[in-house]
Every structure is written in C-alpha cells, then in structure tokens.
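[1] A structural model of the following input is requested.
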Amino acid sequence: MAVLKPFKAYRPAPELASKVAALPYDVMNSNEARQMVAGNPYSFLHVDKAEIDLDPSVDIHDVQVYEKARDNLYGMINDKIFINDQQDSLYIYKQIMNGRTQVGLVGTTSIDDYLNNIIKKHEFTRADKELDRINHVDYTNANTGPIFLTYRKREDISQLINSWMENKDPIYDFVSDDGITHTVWHIDDRGIVDELVAKFSGVDYLYIADGHHRAASAVKVGLKRREQFPDYDGTEEFNYFLAVLFPDEDLYIMDYNRVVRDLNEYSTAEFIELLKQSFEVKEFEGEGQFKPAEKHTFGMYLDDKWYILKAKDGTFDEASPVDRLDVSILQKNVLTPLLGIQDPRVDDRIDFVGGIRGLAELEDRVDEGGMRVAFSMYPTSISDLMAIADAGEVMPPKSTWFEPKLRSGLFIHTLE
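    Numbers count the residues shown, from 1 in each chain. Model prediction:
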C-alpha cells in the first residue's frame, strides 16, 4: 500500500511564483538555460542548473556547480523569495494546456516504497545522470524537482481534491510563457490531510511517469543519510522524496519521434525495399506531414517525401507489453537490423524529438539539421506504461513524452 506523507514545503512568495517556476533541468542545455533566465534573478534554474551562474568553461558536473546550487537555494530562502510552511501540508497542483486539465496532489513518498516496488518503474537509468542528481540533492540537502507519479484513478480521492479546489482560494494562479496555466492550492486542514493520506494507503501501486533519474537519486541520498544516521527511526525527511501524484486518466502522453543521421550506406531505394520486409510502405499523398492515427503505423520523412509504414503481422508479439510498443517495433525491425543502432541511449547517430515540437521539426532536422531520415510515432499510452511496470519490464528509451511539464521551484522538500 502506498505511503503519502505531508511535509513543510519551502515555496515561493505568492507574488514571485510565476518568476520562480521553471521548466525541469533536463529539457534544456546550459546555453538555453542562460537565455531563459536573462533578466530574471528569481528563476529556479539558478538552483537546478546552477552552472548558468558560473563561467561557461566550468564543467557542468564540477563540484562548484553543486556548491553554487546550494548557495543559490539558501540565499533565496534567506532573501524571503521562498517561505516555509510551518505545518505538515499537502498541495494541489493543477495545470491546463490547450484546454486539457491535469490535477495532481503534492506530497512526499517513501524511499522504501521505491525499494519494495510499491512505486513501480518502467525505465533503466544511467549512472552518470544519477550521479549528477545525487550530488545535487546531497549538496542542497533538498528535493528541488518533483517526481511525476501516477496511479489508477479513485473517485473518492478525486472528490476530496475537487471539493477543496471548489471551496478554497488558490495560493498561486499564473500562466507561464508557453501558455500553460498553473494553479496551486494549499491543503492545511489536518483532517483533510489525514483523510487523503489514509485513502492513499489503499492505493496498491504508484507508477513513475517521468523522473526516473531524480527518483533513483533521491532514494540513494536517503540511503546515504541512513548510513550517516544509523539511529534513524523512519520519520526523518530523508526517508521521503518530493512527488506529484496524478490519476492516470488525467495524463497526456505525446509522440516521441526519431531522427537518424544516415541510412547505414543504403541508397534510398535499397532502404525502402528492405523496409517492405516488415512493413507495408506507401507514399503519403496528403498535405503537410504524416501523423500516425493508430498503433503500429509510422510516418517516415526521407528525400523530401513522407511515407506511411504499417507493421506487418508477425513483426511483433501482441501478447508482450514491451514487444507490441511502436517504439519497440521500430527498434526491432528498422533501427537495429537496418540502421545498425544497437543502443539508442548512447548512439550519436540517432536523436529524439518530443511531440511538443511538432512534425515540422522533423522535416527541419532532415532538410537542414544534418539528419537523413525521420520517423513519426503514435504515442505510447498510459495503460501501456502501467502494463509494462506491472510486468516488471522496462520500456525502450525515449518511449514517452509527457505534457505539460511540471514546474520546478513551486515546492521544495528539505531533507532535515
């Protein structure tokens, strides 16, 4: 059964929330982050990507970066940019994007639930990325970016959350530069907090939707603190990490598309003939780009043309939650055997383009960005994600792109 724990958040002063809130650290590079914070000393990127406040010659994994993150965070706290709630609380975080709404509950979740697989995963993590966030959490002594969790929707939980939103004023309500509305409520009624905690104790499993590296890193820092304080009793804050929990029906997964640098020495004609072994292939005769409207169908942009690829029977195992994923079908039948891309996590011949950028971005990457071919994908579903996690298996890398992205800086969980 899932453990949900309230906490005393550090959070922005209401008049500064819109300036503090920042996109996650891993959706932009350092130069992009420097541009984003220009003229905004309040941006949480000064904490989450603290290299922006150092000389560009400093390596992003240098100890100076983590020390700067710590100094920036506690400097903002001392300057009253952040305030500290004095009682354990939960929070509601609502986002609206293009008319779609998702409503999550902000609290902390147990590192033991992660270790015991009550919090289920669907991706492998990379040691180098883990180490970066381990250092960040360790030096700041805080969880600064929430883990994006989901659970199978329960009406009793939704009713409690909806009732609070209907009857209470929000503490934050703003529209970010990308047009997304962010609204936050503070649940400071101990009775309601306890009721929500009790209801989540009846939720069998939580699932990581996004943030596998942040979660793994938070857990490893928690375990490190347990070694440092062997007399811990389990109530200490380092036994928990910051999370936002969304019901599965609220979530929206976009396509996560692929671009490849070359055809592995095949000519266009040879490549298309090889594709016909596993796919029905035909030219797209419509205008614009081809966006797949059903599973097992792909778009391909090559030599100024869009093609429609439909996977043939026998090219995947419908009974396998991993093998039937479109990202798996493409990997198994195209990327590995034809293009020689064995591990897309480390091969620099392939890149990934989130659906938020649109399919025109694929054309630009091929026409002007040095890529040879692009593939548009049908989005992975949240039910696919849960089925794979329930089976104890993992998705291929870059299988899901969630929108909207959670903002960092609206809630900070310190480990003391």
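[2] In PDB, list the C-alpha atoms belonging to the lengthiest strand in the chain.
    As assigned by DSSP state E, the longest strand anywhere in the chain is strand 100-110. Only the C-alpha atoms of strand 100-110 are listed here, as PDB (Å, rounded to 0.1, in the frame of the first residue of the first chain):
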ATOM      1  CA  ARG A 100      -6.800  19.900 -21.200                       C
ATOM      2  CA  THR A 101      -6.500  19.800 -17.400                       C
ATOM      3  CA  GLN A 102      -4.500  17.600 -15.100                       C
ATOM      4  CA  VAL A 103      -4.700  17.800 -11.300                       C
ATOM      5  CA  GLY A 104      -2.100  16.300  -9.000                       C
ATOM      6  CA  LEU A 105      -1.600  16.000  -5.300                       C
ATOM      7  CA  VAL A 106       1.800  17.200  -4.000                       C
ATOM      8  CA  GLY A 107       3.400  15.400  -1.100                       C
ATOM      9  CA  THR A 108       6.300  13.100  -0.300                       C
ATOM     10  CA  THR A 109       6.600   9.400  -0.900                       C
ATOM     11  CA  SER A 110       8.600   6.700   0.700                       C
END
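[3] And that strand, how far out from the chain middle?
    Put simply, strand 100-110 sits 13 Å off its chain's centre (Cα atoms, centre = their mean, to the nearest Å).
[4] In terms of secondary structure, what does that strand contact?
    strand 4-5, strand 90-97, helix 155-167, strand 240-247 (3 or more Cβ pairs under 8 Å, 6 or more residues apart in numbering; DSSP states H and E). Every C-beta, even on glycine, is put in place using the N, C-alpha and C of the backbone.
[5] ok, the second one: who's next to it in the sheet?
    Each strand paired with strand 90-97, and its direction, by DSSP bridges: strand 100-110 (antiparallel), strand 181-187 (antiparallel).
[6] can you pull out the helices in this protein?
    Per DSSP state H, the chain carries helices over the ranges 17-20, 30-36, 45-48, 63-78, 111-115, 127-140, 155-167, 190-200, 212-228, 268-275, 326-330, 360-367, 382-390.
[7] Tell me which of the ones you listed sits nearest to Asp262.
    Of all the helices of the chain, it is helix 268-275 that lies closest to Asp262, at 10.3 Å by Cβ to Cβ.
[8] Name the residues of the closest one that come out as buried.
    For helix 268-275, the buried set under the neighbour-count rule, 16 or more other Cβ atoms under 10 Å, comprises Phe271, Ile272, Leu274, Leu275.
[9] Can you name the residues that contact the last one?
    Read it as Leu275. When contacts are counted by Cβ atoms under 8 Å, 6 or more residues apart in numbering, Leu275 touches Val281, Met300, Leu309, Val334, Leu338.
[10] Quick one: neighbours of the third one, just the number.
    So that's Leu309. 26 (other Cβ atoms under 10 Å).
[11] ok, what's across the strand from it?
    In beta-bridge terms (that is, DSSP bridges), Leu309 pairs with Val281, Phe298.
[12] What of Asn143?
    His413.
[13] picking up where we left off before, okay, the strands paired with strand 90-97 in CSV with distance to Phe174 and mean neighbour count next?
    Conversion of the strands paired with strand 90-97 to CSV gives the following (distance: least, Cβ to Cβ, whole Å; neighbours: other Cβ atoms under 10 Å):
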stretch, distance to Phe174, mean neighbour count
strand 100-110, 16, 22
strand 181-187, 6, 20
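[14] Those strands: which one's closest to Lys129?
    So among these, strand 100-110 is nearest, using Cβ to Cβ, at 20.5 Å.
[15] ok, Lys153 - how many residues close by?
    Using other Cβ under 10 Å: Lys153 sits among 12 other residues.
[16] There's contact between it and Leu245 in this structure, I believe.
    No: assessed by Cβ atoms under 8 Å, Lys153 is found out of contact with Leu245, at 10.9 Å.
[17] wait, isn't Tyr378 in contact with Gly299?
    No: between Tyr378 and Gly299 there is no contact under Cβ under 8 Å: 9.3 Å.
[18] Next, show the common contact partners of these two.
    Pro292.
[19] neighbour-wise, which of the two wins?
    Gly299 (22 against 18).
[20] Can you check the pLDDT for the closest residue to Phe411 other than its chain neighbours?
    Residue nearest to Phe411 in three dimensions, not counting chain neighbours: Ala9, with 4.9 Å by Cβ to Cβ, 6 or more residues apart in numbering. pLDDT recorded at Ala9 is 98.
[21] Quick one: neighbours of Ala9, just the number.
    23.
[22] and it, what does it touch?
    Going by Cβ under 8 Å, 6+ apart, Ala9 touches Asn84, Asp85, Ser89, Tyr91, Val106, Phe411, Ile412, His413.
[23] how near is the fourth one to Ile187?
    Meaning Tyr91. As judged by Cβ to Cβ, to the nearest Å, Tyr91 and Ile187 stand 6 Å apart.
[24] for the residue nearest the centre of the chain, what are its contacts?
    By Cα atoms, centre = their mean, the mean C-alpha position of the chain lies nearest to Asp210, the distance being 3.2 Å. If you count contacts by Cβ under 8 Å, 6+ apart, Asp210 has them with Ile147, Phe148, Thr400, Phe402, Leu406.
[25] Quick one: find the helix or strand in this protein with the lowest mean pLDDT.
    strand 401-402 (a mean of 92; mean pLDDT, DSSP states H and E).
[26] Show me what that one is packed against.
    Using 3+ Cβ pairs under 8 Å, 6+ apart: strand 401-402 touches strand 253-254.
[27] Quick check: Gly107 touching Lys5?
    Yes: applying Cβ under 8 Å as the test, Gly107 and Lys5 come out as touching, 6.0 Å apart.
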